[in-house]
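*Asks:* Structure for this input, please:
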Amino acid sequence: MNERLAIVGSGAIACGLAATAAHQEGGWGPVLLLVRSQDSAERARATVERTLDRLGADVGGVGSHQLQIVTDPQALAETTFVVEAIIEDHTIKAGLLGELDRIVGPETLLASTTSSLSVKRLADASGRPERFVGLHVFNPVTKMQLVELIFPSEASEDTRRRALALCETFEKTPVEVPDVPGFVVNRLLFPYLFSAVRLLEETGMDAESVDTCMQLGAGHPMGPLALLDLIGLDVAKAIGETIGETIPARVQALVAEGALGRKSRRGFHSY
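*Replies:* Predicted coordinates:
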């Protein structure tokens with residue numbers, strides 16, 4: 001695969017993708033990770049290095065050969081495949097995609113890791129719907145095998161081929177899914193997750209007991225409330241709103257408190 005790859009963002013998905021790319025022999029040279037500030041760059045570097053260390057990779061080259069972390073968007077001018085992995089907000093994503101369209105070359109593919117937003121609307125905002133793809137990966141990126149691929153109707157055959165090739169290079173399993181709110185996984189998953197929260201509210205059970213029931217009784221690797229914490233309660237709220245699910249009062253309250261799950265060390269569980 002002969003691409004010059006860039007990822008935009010500094011959160012869990014962006015850093016997970018950067019670590020995945022840096023760990024693979026993708027044939028793409030250094031992977032660029034575009035972040036907003038030097039502070040973000042330092043945090044992202046530490047996150048990627050920890051992830052690569054867990055994968056048993058040599059982290060000595062991070063920042064030189066495998067991965068280059070940059071703060072200037074113009075550094076992406078020569079890239080051929082750019083993956084946007086920022087906050088799940090259409091307006092913010094659309095603004096960034098429009099900026100990227102003005103920086104990168106005409107053959108460059110733009111992708112979004114959106115988990116619930118309309119790919120058609122993002123593709124239109126990018127200015128290059130024929131070279132756009134929704135690339136919904138799952139957290140933790142280095143472990144989860146599925147990639148939901150969502151193509152706008154204008155996507156070219158070259159776009160489809162290159163998106164599939166990227167997934168294969170990442171050693172992921174791509175499944176093309178329709179451009180409907182939440183796609184497949186979140187469309188089916190979030191009603192279940194929110195029903196677990198409502199059960200908690202109605203019965204007064206503790207989160208650990210609910211999660212233990214679903215782990216041991218249904219064979220789930222993680223209980224629904226722990227999974228919400230892993231996703232991030234703010235992200236879960238945004239996804240729920242996008243797919244038309246009523247957000248449980250407990251989720252609303254925790255988000256208002258800043259208790260967002262693992263990333264804030266408190267949600268339904270404490271970390």
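*Asks:* CA only for contacts and neighbour counts going forward, please
*Replies:* Fine.
*Asks:* and the gap between Val83 and Ala94?
*Replies:* 13 Å (Cα to Cα, to the nearest Å).
*Asks:* Which one's more surrounded, the two?
*Replies:* The neighbour comparison of Val83 against Ala94 (other Cα atoms under 10 Å) goes to Val83, with 23 against 19.
*Asks:* Going by residue numbers, what spans are strands in the stretch 1-150 of the chain?
*Replies:* Secondary structure of the stretch 1-150 of the chain (DSSP state E, counting those that start in this stretch): strands at 5-8, 31-34, 67-70, 81-84, 109-112, 132-136, 146-150.
*Asks:* rank those by mean pLDDT and give me the bottom one.
*Replies:* Ranked by mean pLDDT, the strands of the stretch 1-150 of the chain end with strand 67-70 at the bottom, a mean of 93.
*Asks:* Just the CA coordinates for that strand, please, in PDB.
*Replies:* C-alpha atoms of strand 67-70 as PDB (Å, rounded to 0.1, in the frame of the first residue of the first chain):
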ATOM      1  CA  LEU A  67       5.200   8.700  13.700                       C
ATOM      2  CA  GLN A  68       5.600  12.400  13.400                       C
ATOM      3  CA  ILE A  69       3.400  14.600  15.500                       C
ATOM      4  CA  VAL A  70       2.800  18.100  14.000                       C
END
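*Asks:* domain assignment for this protein?
*Replies:* Under the assignment automatic domain parsing, the domains of the chain span 5-176, 187-264.
*Asks:* can you give me the helices in the stretch 151-271 of the chain?
*Replies:* Under the criterion DSSP state H, counting those that start in this stretch, helices of the stretch 151-271 of the chain are mapped to 157-169, 185-203, 207-218, 224-231, 233-242, 249-257.
*Asks:* and those helices, which is most packed in?
*Replies:* Most buried of the helices of the stretch 151-271 of the chain, by mean neighbour count (mean count of other Cα atoms under 10 Å): helix 224-231, with a mean of 22.
*Asks:* and that helix, what does it pack onto?
*Replies:* When contacts are defined as 3 or more Cα pairs under 8 Å, 6 or more residues apart in numbering; DSSP states H and E, helix 224-231 sits against helix 185-203, helix 207-218.
*Asks:* Mind putting those into JSON lines with distance to Gln66 and mean pLDDT?
*Replies:* JSON lines is the format used below for those (distance: least, Cα to Cα, whole Å; pLDDT from 0 to 100):
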{"stretch": "helix 185-203", "distance to Gln66": "31", "mean pLDDT": "97"}
{"stretch": "helix 207-218", "distance to Gln66": "38", "mean pLDDT": "98"}
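*Asks:* Turn the domains of the chain into TSV, columns for distance to Ser270.
*Replies:* Listed next are these as TSV, based on distance: least, Cα to Cα, whole Å:
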stretch	distance to Ser270
domain 5-176	19
domain 187-264	8
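*Asks:* Comparing the ones you listed, which comes out most buried?
*Replies:* In terms of average neighbour count - mean count of other Cα under 10 Å - the standout among these is domain 5-176, at a mean of 19.
*Asks:* one step back: would you mind saying which of the helices of the stretch 151-271 of the chain lies nearest Val133?
*Replies:* With Cα to Cα as the measure, helix 157-169 is the member of the helices of the stretch 151-271 of the chain nearest Val133 (7.3 Å).
*Asks:* Quick one: list the elements packing against that closest one.
*Replies:* Using 3+ Cα pairs under 8 Å, 6+ apart, helix 157-169 sits against strand 132-136, strand 173-176.
*Asks:* can I have that helix written out in PDB, keeping just the CAs?
*Replies:* The C-alpha trace of helix 157-169 is given here as PDB (Å, rounded to 0.1, in the frame of the first residue of the first chain):
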ATOM      1  CA  GLU A 157     -14.000   2.900  -7.200                       C
ATOM      2  CA  ASP A 158     -10.500   4.100  -6.400                       C
ATOM      3  CA  THR A 159     -11.800   5.500  -3.100                       C
ATOM      4  CA  ARG A 160     -13.400   2.200  -2.300                       C
ATOM      5  CA  ARG A 161     -10.300   0.200  -3.200                       C
ATOM      6  CA  ARG A 162      -8.000   2.400  -1.200                       C
ATOM      7  CA  ALA A 163     -10.200   2.500   1.900                       C
ATOM      8  CA  LEU A 164     -10.400  -1.300   1.800                       C
ATOM      9  CA  ALA A 165      -6.700  -1.600   1.400                       C
ATOM     10  CA  LEU A 166      -6.100   0.700   4.400                       C
ATOM     11  CA  CYS A 167      -8.300  -1.600   6.600                       C
ATOM     12  CA  GLU A 168      -6.500  -4.700   5.400                       C
ATOM     13  CA  THR A 169      -3.100  -3.100   6.100                       C
END
